[in-house]
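A.B. asks: Structure, please.
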Amino acid sequence: MGDSTVILDPVAPARNDATLTRRSLDQLAGKVVGFVDNAKPNFNHLADDLAALLLERHGIAGVVRHRKRGQVPVSEEMLQDLAAKCDAVITGSGD
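C.D. replies: This is a model prediction of the structure:
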């Protein structure tokens, strides 16, 4: 009768000091879209095609591009530039 069961909860507790900075976009027209290229093969082609479609079909105002070195985090300078210039940012990989 001395057996006991331990239940572990893998969910991290919520942080009360977290601040959401995400804004929803009602439309893309007139917005600037950023692309973060993580140096995977072909991502530049995907970003080119997406940028062309967003310009043609949704009337975005422009595109900002940054390329990082593989799997390293985005630099603070890059983040600041994207935050200052972009309404939305797409990050991804190719292959």
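
A.B. asks: From residue 40, how far off is residue 5?
C.D. replies: Distance of residue 5 to residue 40, computed by Cβ to Cβ, to the nearest Å: 45 Å. Bear in mind the C-beta positions are built from the backbone N, C-alpha and C, glycine included.

A.B. asks: let me fix that: residue 86
C.D. replies: Residue 86 is 20 Å from residue 40, by Cβ to Cβ.

A.B. asks: For these two, indicate the residue with more neighbours.
C.D. replies: Between residue 86 and residue 40, counting by other Cβ atoms under 10 Å, residue 86 is the more crowded of the two (19 against 14).

A.B. asks: pLDDT at the more buried one, what is it?
C.D. replies: We have a pLDDT of 96 for residue 86.

A.B. asks: Ignoring the adjacent residues along the chain, who's closest to it?
C.D. replies: Distance criterion Cβ to Cβ, 6 or more residues apart in numbering; nearest residue to residue 86, sequence neighbours excluded, is residue 34 at 3.7 Å.

A.B. asks: bridging residues for that neighbour?
C.D. replies: Beta bridges link residue 34 to residue 64, residue 89 when assigned by DSSP bridges.
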